[in-house]
Structures are given as structure tokens and as C-alpha cells.
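S.K.: any chance you could fold what I've pasted below:
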Amino acid sequence: MKKLILIVSLASSNILFSQWQQFKSPVIAPTAFFFKDSLSGLLIGDGYPYKTTDGGDSWYIPQQNQLGFLSDELYFINKNVGFGYRYGILKTVDMGDNWENVTPEGYHAFFNMYFITDSIGYVVGNRGEIFVTRNQGSSWLDISYQKGDEIYLYSVYFSDLNNGWIYGNGFKLKTS
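M.R.: I've put the predicted structure just below:
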């Protein structure tokens, strides 16, 4: 009986812990990636977005982005609509083939983004900045709690439409 339990345990552990394999990457240290399925993916590295349609066997830079890319984070709200962010906000509606600049006016360094629905999202960053969109990133409203050069907000999360948390250096904010 002990042997049977051990065999069943080992067999089930292979299901839980799949075998990992390396895939080809166009850059040594990508900063963010997103796969919408087993074949189509996007990663950011060396100042460019790279796209694959064959599970990572080959990568290309979408034609529109040949001049560089100022984002090093990705956040997707569905399989095609997503954002690249850090020193601005760029939006794609076609899984990274084309990008539109939807950055609020001014200089920004954003650290985290979270969408509650397909339309309502928040982004937080340095100088205490908090921005909200209600139209899938087409425009952003500044709702900062407190601004200052030494205020860094690193993380934002909402459990539902009304309850959210923001964490930063010395700041723990909650809304309900």
C-alpha cells in the first residue's frame, strides 16, 4: 500500500510541477512580458517591444516601434488591450502591433497599474501621483492624495469597484 501511495504521489507531482524549458529571447534581461495564449506573446527589453506568434521561437519588433519604446512594464486588461508604462503610458488594442501615447500631460514615472474593469483603471508613481481612467486609458484624471518629490507610490490594488489600497514609501492609503 505504501508503494502505491508513493507512485500516485510522484505521478501527481509531475502534473503539478511541469517541466520547464528555456525559450529564445531577443534580449538578455526583459523587463516585462505577457502571453495571451500558448503562441502569441509580447515582451519589453532594450527599449523595444518584441512580439512572437510562435510561442517564443522567433521574435520581431512591430514596424511602428522601430525608434524605441519608453515603457518597461506591461499591463493587459484582456487578450488584445494593454498598456506599456513607466515614463509615460502607451496603449495597444492589437496585442502590441501599434501603440498610442495616452500619457497625462507632464513628466511622470509610473510604478504600478491596476484595472478594476475593462474601462476603470488606476496608475501610481513618483511624486505621489495617482491617476484614474474611466474610458480604458483614453484620458486620465489626476486624483493624487498628496504630492511631493520624496513620495513614491509603488503598488495599487482594488478588490472591487469601491475598495482599493495604495502602498508607497511611508504611505498606506485606502479608499472605500
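S.K.: any stretches of this structure with poor pLDDT?
M.R.: For the chain, the stretches flagged by pLDDT under 70 are 1-17, 65-70.
S.K.: how about a cut-off of 50?
M.R.: The chain contains residues with pLDDT under 50 at 4-11.
S.K.: all strands for it, in order.
M.R.: 32-35, 41-45, 48-52, 71-76, 82-86, 89-92, 100-101, 110-115, 121-125, 130-133, 141-142, 153-158, 164-168, 172-175 (DSSP state E).
S.K.: for residue 120, give me its contacts.
M.R.: With contacts defined as Cβ atoms under 8 Å, 6 or more residues apart in numbering, the neighbours of residue 120 are 132-134, 161. (C-beta placed from N, C-alpha, C; glycine too.)
S.K.: out of those residues, which are buried?
M.R.: Among those, those scoring as buried are 132-133 (criterion: 16 or more other Cβ atoms under 10 Å).
S.K.: tell me the one of the contacts of residue 120 nearest residue 173?
M.R.: Checking those against residue 173 by Cβ to Cβ gives residue 132 as the nearest, at 13.2 Å.
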